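Enquirer: Return atomic coordinates for the entry below.
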Amino acid sequence: MVVDIDASREGRQPHFAVLEAISKEVQVPVTFGGGIASVALARRALESGADKIALTTTALDRPDLIDDAAHAFGAQAVVLGLDLVWRDGVLRLYDHRLRGTVDRPNPVEWVKEAVSRGVGEIRVMAVDREGVREGFDVPLYASIRELTDVPIILEGGAGNLTHIAEAMKAGVDSVGLGTLLVFSDNNLVKVRRFLEGAGLPMRP
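Expert: Numbering: from 1, shown residues only. A predicted model of the protein is given here:
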């Protein structure tokens, strides 16, 4: 997953040149997000090498964008970015443009609406766990899983390989890794071998 995290906050288009460069180097599917505010930009992302597009704040701004993208490219190509935090025991949506939570929409209703509009996958980011290496928020995953049967990617909190295995044993479809790979001696080969050794099925 490649996300231009400043695009929406700065009110500009994504850096498609970066996506094109990455796509030329990797052999795995790429999901691209950040600043995709129209079907035209989504199409350009796909033409630049993305296999899927991720909609987070742009979908909050205009929910119809989900319908339009799903109609144009299919639900399998549309990923909902869901940035979430717990505040006083209540689950809230987090908007990185504001660097804070928003009162509406309600996260539960937003997930249901987004799926009904055509989202084929959801990336759940536990914002409070991002970069802290204390483990994934598996209860957060479980709360979203109760709402939908589309695949869920859980992100935020992986500090070691055991954290990944624990999340996947709890039923998480996929995990997103950042800090674990960048700031340690771990790599994807080591991750796969560890998970296989833990009895977890890996795609070929």
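Enquirer: How many neighbouring residues does the closest residue to residue 9 other than its chain neighbours have?
Expert: Of all residues not flanking residue 9 in the chain, residue 97 sits nearest, at 4.5 Å (CB to CB, 6 or more residues apart in numbering). (Glycine included, C-beta is placed from N, CA and C.) Residue 97 has 15 neighbouring residues, counting by other CB atoms under 10 Å.
Enquirer: List the contacts of residue 97.
Expert: Counting by CB atoms under 8 Å, 6 or more residues apart in numbering, residue 97 touches 8, 9, 57.
Enquirer: And the last one, what's its pLDDT?
Expert: Per-residue confidence at residue 57 stands at 92 (pLDDT).
Enquirer: That one and residue 24, how far apart?
Expert: Using CB to CB, to the nearest Å, we find residue 57 at a distance of 28 Å from residue 24.
Enquirer: higher neighbour count, those two?
Expert: residue 57 (23 against 8).
Enquirer: helix/strand/coil for the most centrally placed residue in the chain?
Expert: Residue closest to the average C-alpha location in the chain (CA atoms, centre = their mean): residue 123, at 2.8 Å. Here residue 123 is recorded as strand under DSSP: H, G, I helix; E, B strand; the rest coil.
Enquirer: Can you list the strands that the longest strand that the chain contains pairs with?
Expert: Ranked by residue count, the top strand of the chain under DSSP state E comes out as strand 78-87. Using DSSP bridges, strand 78-87 pairs in its sheet with strand 52-55 (parallel), strand 90-95 (antiparallel), strand 121-126 (parallel).
Enquirer: export those strands to JSON lines and tack on distance to residue 167?
Expert: Conversion of the strands paired with strand 78-87 to JSON lines gives the following (distance: least, CB to CB, whole Å):
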{"stretch": "strand 52-55", "distance to residue 167": "20"}
{"stretch": "strand 90-95", "distance to residue 167": "18"}
{"stretch": "strand 121-126", "distance to residue 167": "11"}
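Enquirer: per-stretch mean pLDDT over the ones you listed, give me the minimum one.
Expert: strand 90-95 (a mean of 92).
Enquirer: Need the contact partners of it.
Expert: Applying CB under 8 Å, 6+ apart, the set of residues contacting strand 90-95 is 57, 60, 82-86, 100-103, 105, 107-108, 110, 127, 140, 143.
Enquirer: Any of those buried? List them.
Expert: Using 16 or more other CB atoms under 10 Å as the burial test, the contacts of strand 90-95 include 57, 60, 82, 83, 84, 85, 101, 107, 110, 127, 140, 143 as buried.
Enquirer: hey, what's the third one bridged with?
Expert: So the one you mean is residue 82. Beta-bridge partners, per DSSP bridges, of residue 82: residue 124.
Enquirer: From what I see, it and residue 108 are in contact.
Expert: No. Contact criterion CB atoms under 8 Å: residue 82 and residue 108 do not qualify, at 11.0 Å.
Enquirer: How much space separates the closest residue to residue 163 other than its chain neighbours from residue 189?
Expert: In this structure, residue 163 finds its nearest non-sequential neighbour in residue 135, 4.5 Å apart by CB to CB, 6+ apart. Per CB to CB, residue 135 is found 22 Å from residue 189.
Enquirer: So which of the two has more stuff around it?
Expert: Higher neighbour count among residue 135 and residue 189: residue 135, with 18 against 8, using other CB under 10 Å.
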